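Student: Predicted model and sequence below, questions to follow.
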Amino acid sequence: MDRSEIRYQPEQVEQEAQQYWREHDCFRAIEDPAREKFYCLSMLPYPSGHLHMGHVRNYSIGDAIARFQRMQGKNVLQPMGWDAFGLPAENSAIRNKVNPAAWTRDNIAYMRAQLQRLGYAYDWRRELATCDADYYRWEQWLFTRLFRKGLVYKQQAEVNWDPVDQTVLANEQVVDGKGWRSGAAVERRSIPQWFFRISAFAEELLDDLESLEGWPDTVRAMQRNWIGRSAGVEVKFALTGEAARSMESIKVFTTRPDTLFGVTSLLLAPQHPLTVAAASTRPKLRAFLDGLAGGSVAEADLMTMEKRGMELGLEAIHPLTGELLPIHVANFVLMSYGSGAVMSVPAHDQRDWEFASKYDLPIRQVIEPVGSGNDCDLAKEAFTEAGALVNSGRFDGLDCAAAQEAIADHLEASGQGRRKVNFRLRDWLVSRQRYWGAPIPIINCPTCGPVPVPDEDLPVRLPEEADFHGHGSPLPGLADFVDADCPACGAAAKRETDTFDTFMESSWYYARYTCADQHGAMLDERARYWLPVDQYVGGIEHAILHLLYARFYHKLLRNEGLVQSDEPFTRLLTQGMVLKGGSKMSKSRGNTVDPMFLIERYGADTVRMFTLFAAPPEQSLEWSDSGVEGCYRFLKRLWRSLQTHEACELPDFSALQLTPEQQALRRKTHETVQKAGHDYADRYAFNTVIAAVMELLNSLNSLQQQSPADDRASQGVIQEALEMSVLLLAPVAPHFCHVAWRLLGHAGAVMDAVWPEVDARALQKETNLIVLQVNGKLRGRIEAPVELSRERLGELALEHAAVRKFTSQAGIRRVIVVPGRLVNVVTG
């Protein structure tokens, strides 16, 4: 760039930098075992069509980290791709009467251009889109192996059905009884579904959270609660009469064996075999069960929904008292949770209390409060606190903890129960009844049952030119797709028409980036070089769904010998939302800001800098037009300083006699370098780094304005301050700093420069600014030599006029000296 152009022109600067990056292939990552690697990854976007400010913030954070680590000398990989399957594309296709594949790929092309305009340091050779068959063939390949190992299975399941999106929703996708995307009231349906046996990994997923020291405590706590380890007792209730003809007993898990004497009935799920058998001969019961079809099966919704039930006319035997217990069906008991049966203890469980109160069932107290402050009024609510046992036979008087152990011992000794650990985590439902997703590689044979598609027939390609009418999936009506021969027996069979949940694709993309051009295997040896991801960046809203599934998937890959590590992400940064007017930016609120408009007006570096300067990355960012303007003004000021300075080589400062003003600027420069290194590496506090460089520029401008051009010492100190400013800002404003580095006389690229070291000699001070206090109140300040003794510093303070004014009429009791900082004179 022509040095005579003193005005900062972002478009010209950014074009120059990006042209250099393209010509020199600067962001290509190549495996090098001799170098320390750093894999930096931001969560891949859904190609909705346009970037929003949330995207810009997320990717600016990740890019700043990647560029900083490169300047530390590390071999950095930072890829980008597209989470391309899913409902939004399908719903848009319905609205606009376009093909989801075409809509998705057009959006990818547009958003790729937007990301490139922002100058992120991505290795675009590794780009992937999860809707490409070259990608999803490998998750199909893994699925077939897991199927043969029993880690994948299909069974009838009660599910959340979204009547608008016409698909099954995971419990986590139901919010206040409504679908997370459509907002429609969720219905309850029972249909065949495919599951991953994630529950078999529950213990490991829980235990390995302890090793994730680089993750936020909040995320680890959320996963720990979701996995939900609970120790308790599995109790056997023998059946009698008509019920005994169907099965001998019902097993119920409880974490509160101390309340066992308070059981007044058993509650079964509507799909429980006993419930189904009873309904076959009782029309009223059948009609009642049909009426339970509506409503979510999400746990939170089950807790708050109206409790409904009906007696089955069947009985069980209490294992400790021999009492006959009635059996009811209840709408809040799910077949997928435990055995589909719970013991009802209405005196000590609020949900059971509500059910018993509604249907006038017995409420038997077996725990009483101990001490003051714990009231028990069973006419109003259940008593759920710990206490002492009553009405519990020989266990009366025991506290709850002791009673749990004693009753568990008794049940095990009598063969009526056993200690057991249960997990709240349920198997991962991965099938969806929608079109725009990866086909499940199964052929359903009337003789052989479900048979995995052979390796040589993979991938099972989604027919992208399907006649998409928008009423459910078109796949079941495509004979060319559905009709197939059974791989096992050769008979006519039908291909599976469900598709994978899109969380399947986003659970392993990070690994595929390491060898995206590998066509002969899911992963290769390059995955072992790059994995695990060293830094992962994304929103806290993914704490349970995506991050838990990715951890599970990584363990599956490990068990297949495809990766070596136990966890996919070493460090996790969860960035806050972008707000405007106190609310999250959204089209419905009309408070969005178009990043491209800002880029055209201020340049990409200004937009990037504002998203990093306005708040620490983990906190929400409140949008501010004036804040964007402020970042733009700062870059223009720094540009003017660069243009008015004549580049020179840094002198040997130890050979120069610097003035106090020059020494002060050198000290400020290296204090800034010291702070920036700490804030980048340890805290990702980009905002404080930017603020520190802004302060440095103020000091630099002050010396620059009063120093003659032929003053070698001054120009050397100014050159150093400008170089350090550019190096420290290079991860934040990379285009600006690329050109600025050239203006300072350097031939190479700033991104390849070494992170600056602190000159300890520059930090040394000849004097300290000492605060003078009397009785803790500020009375003055003095400059004192660094080597001054405590005694002499105290004497100087007492001699100061401002101090004498407040001590001349009062006795001095004590003089407190804090070397290098303050003197406090205590009177009285």
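Tutor: That came through fine.
Student: hey, what's the closest residue to residue 498 other than its chain neighbours bridged with?
Tutor: Distances taken as CB to CB, 6 or more residues apart in numbering put residue 431 closest to residue 498, at 4.0 Å, once the chain neighbours are dropped. The C-beta positions use only the backbone N, C-alpha and C, and glycine is treated the same way. Applying DSSP bridges to residue 431 gives these bridge partners: residue 500.
Student: Contacts only, for residue 431.
Tutor: Applying CB atoms under 8 Å, 6 or more residues apart in numbering, one finds that residue 431 lies in contact with 154, 168, 193-194, 440, 498-501.
Student: So which residues of the stretch 251-400 of the chain form helices?
Tutor: With DSSP state H, counting those that start in this stretch applied, the stretch 251-400 of the chain shows helices at 273-279, 283-290, 299-304, 350-358, 400-414, listed in chain order.
Student: Out of those, which gets nearest to residue 87?
Tutor: Of all the helices of the stretch 251-400 of the chain, helix 299-304 sits nearest to residue 87, with 20.6 Å by CB to CB.
Student: quick check: mean pLDDT across the closest one?
Tutor: This predicted structure assigns helix 299-304 an average pLDDT of 62.
Student: Endpoints of stretch 465-476, how far apart?
Tutor: As for stretch 465-476, its first-to-last residue distance stands at 14 Å under the measure CA to CA, to the nearest Å.
Student: Doesn't residue 189 lie inside a helix?
Tutor: No - when the secondary structure is assigned by DSSP: H, G, I helix; E, B strand; the rest coil, residue 189 falls in strand instead of a helix.
Student: Going forward, the N-terminal residue is numbered 518.
Tutor: Noted, 518 is the first residue going forward, which turns the last one into residue 706.
Student: wait, residue 624 sits on residue 566?
Tutor: Yes - because the distance of 4.4 Å satisfies CB atoms under 8 Å, residue 624 is recorded as touching residue 566.
Student: For burial, what's the neighbour tally of residue 742?
Tutor: Residues lying near residue 742 (other CB atoms under 10 Å) number 11.
Student: Sorry, slip of the keys, the one I care about is residue 1171.
Tutor: Counted by other CB under 10 Å, the residues lying close to residue 1171 total 7.
Student: Leaving out chain neighbours, which residue sits closest to it?
Tutor: Beyond its immediate neighbours in the sequence, the residue positioned closest to residue 1171 (CB to CB, 6+ apart) is residue 1278, lying 7.1 Å away.
Student: rewinding a little: possible to save the helices of the stretch 768-917 of the chain as TSV with distance to residue 1205 and mean neighbour count?
Tutor: Conversion of the helices of the stretch 768-917 of the chain to TSV gives the following (distance: least, CB to CB, whole Å; neighbours: other CB atoms under 10 Å):
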stretch	distance to residue 1205	mean neighbour count
helix 790-796	62	20
helix 800-807	61	14
helix 816-821	39	15
helix 867-875	48	20
helix 917-931	49	17
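Student: Those: which one's closest to residue 742?
Tutor: When the helices of the stretch 768-917 of the chain are ranked by proximity to residue 742 (CB to CB), helix 816-821 comes first, at 11.6 Å.
Student: closest one to residue 729 among the helices of the stretch 768-917 of the chain?
Tutor: Between residue 729 and the helices of the stretch 768-917 of the chain, the shortest gap by CB to CB is with helix 816-821, which sits at 24.7 Å.
Student: per-residue confidence at residue 856?
Tutor: The model's pLDDT for residue 856 equals 85.
Student: how near is it to residue 765?
Tutor: 13 Å (CB to CB, to the nearest Å).
Student: which of the two has more neighbours?
Tutor: Set residue 856 next to residue 765 and count neighbours by other CB under 10 Å: residue 856 wins out with 15 against 10.
Student: you'd agree residue 603 is up against residue 955?
Tutor: No - taking contacts as CB under 8 Å, residue 603 lies outside contact range of residue 955: 10.9 Å.
Student: overlap in contacts of the two?
Tutor: Overlap between the neighbourhoods of residue 603 and residue 955 is empty, taking contacts as CB under 8 Å, 6+ apart.
Student: roughly how far apart are the residue nearest to residue 1015 and residue 708?
Tutor: Distance, residue 948 to residue 708, using CB to CB: 9 Å.
Student: Common neighbours of the two, please.
Tutor: residue 685.
Student: buried residues in the helix or strand containing residue 1239?
Tutor: Using DSSP states H and E, residue 1239 falls within helix 1229-1246. With burial defined by 16 or more other CB atoms under 10 Å, the residues of helix 1229-1246 counted as buried are 1231-1246.
Student: And for stretch 903-913?
Tutor: With burial defined by 16+ other CB under 10 Å, the residues of stretch 903-913 counted as buried are 903-906, 909, 912.
Student: what are the C-alpha coordinates of it, in PDB please?
Tutor: What follows is stretch 903-913 as a C-alpha-only set of coordinates in PDB (Å, rounded to 0.1, in the frame of the first residue of the first chain):
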ATOM      1  CA  ALA A 903     -35.400 -36.400  55.500                       C
ATOM      2  CA  GLY A 904     -36.500 -37.300  59.000                       C
ATOM      3  CA  ALA A 905     -37.100 -40.300  61.200                       C
ATOM      4  CA  LEU A 906     -39.100 -43.400  60.300                       C
ATOM      5  CA  VAL A 907     -42.600 -44.100  61.700                       C
ATOM      6  CA  ASN A 908     -45.200 -46.700  60.900                       C
ATOM      7  CA  SER A 909     -42.400 -48.800  59.500                       C
ATOM      8  CA  GLY A 910     -42.300 -51.800  61.800                       C
ATOM      9  CA  ARG A 911     -38.900 -52.700  63.300                       C
ATOM     10  CA  PHE A 912     -37.300 -49.800  61.400                       C
ATOM     11  CA  ASP A 913     -39.200 -47.200  63.400                       C
END
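Student: Alright, I will stop here.
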